[in-house]
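Enquirer: here's a sequence, model it:
(chains A and B)
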Number of protein chains: 2
Amino acid sequence: MAKFQRHLFLCIHDRGPDHPKGCCARKGSLEVAEALKRGAYERGLKRVVRVNKAGCLDQCARGVTCVVYPEAVWYGGVTLADVDEIIERHLVGGEPVERLVIPDHLLTGKPVDPV
Amino acid sequence: MAKFQRHLFLCIHDRGPDHPKGCCARKGSLEVAEALKRGAYERGLKRVVRVNKAGCLDQCARGVTCVVYPEAVWYGGVTLADVDEIIERHLVGGEPVERLVIPDHLLTGKPVDPV
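Expert: Predicted structure coming up:
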């Protein structure tokens, strides 16, 4: 066998209803995760692409968020209406869905110090 | 800001005590996940490396399993005793811990058809 060609992780972290940062779970991430899993399966991507639920991806305010590796493309504000496009365009076609991409400068990773 | 330099996902899926495939949760994955998170934080890797819990990574028999992206290195049989080495050698140093790596041919991804 081999590695998955693409591996999508979708945040299902739940901060409760009143947290100031918000959270993916309260924006419907569980339903989006299930739709992505089902859609990928129906598209014949079993063991080609894997869709996993994950803990907090540290993008709470931009939820529902997910990241696709190995290309490290981050998506924010994902809804059920975006699922088919993410599957067809990105998971199958390899082309990110630009309108949903979180730009690098809005992510929370720490830049590498210049050498 | 920027992307995380490395992103580790560790399976915490629980199939219950009697499942024939076994599962990561019953082999202590929650404790390993917490130790990795704590260790990465103490090593000053906050927002440089992210450690996340994830659903089933489809490597049940080889648990505790995790995968590190963007390099897509898969580890199996991970225990608390391996945590420091994974952090220091791989998450900091960028060098996989070879003795824990699951070889590609034992992974469950579907090989790409030759063109």
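Enquirer: near A:Q5, how many residues? Count them for me, please.
Expert: 18 (other Cβ atoms under 10 Å in any protein chain shown). The way it works is simple: take the backbone N, C-alpha and C, and place the C-beta from them, glycine included.
Enquirer: longest single helix anywhere in chain A?
Expert: Assignment by DSSP state H gives helix A:29-42 as the longest helix of chain A.
Enquirer: hmm, that helix touching chain B?
Expert: No: Helix A:29-42 lies out of reach of chain B by Cβ under 8 Å from any Cβ of the partner chain, never closer than 8.5 Å.
Enquirer: need the residues that contact that helix.
Expert: Here helix A:29-42 makes contact (Cβ atoms under 8 Å, 6 or more residues apart in numbering or on different chains) with A:8, A:10-12, A:46, A:49, A:51, A:53, A:63-64, A:66, A:78-80, A:82-84, A:86-87, A:91.
Enquirer: can you do 10 Å?
Expert: A:6, A:8-14, A:23-25, A:28, A:45-46, A:48-54, A:63-66, A:78-84, A:86-88, A:91-92, B:55 (Cβ atoms under 10 Å, 6 or more residues apart in numbering or on different chains).
Enquirer: give the buried residues for it.
Expert: Across helix A:29-42, burial judged by 16 or more other Cβ atoms under 10 Å in any protein chain shown covers A:S29, A:V32, A:A33, A:A35, A:L36, A:K37, A:G39, A:A40.
Enquirer: what about the contacts of helix A:29-42, which are in strands?
Expert: A:R6, A:L8, A:F9, A:L10, A:C11, A:V49, A:R50, A:V51, A:N52, A:K53, A:A54, A:C66 (DSSP state E).
Enquirer: where are the low-confidence patches of chain A?
Expert: Counting by pLDDT under 70, the ranges of chain A that qualify are A:113-115.
Enquirer: quickly list what the residue most central in space within it is bridged to.
Expert: Closest to where the C-alpha atoms of chain A average out (Cα atoms, centre = their mean) is A:C66, at 1.7 Å. Assessed by DSSP bridges, A:C66 has beta-bridge partners A:L10, A:Y75.
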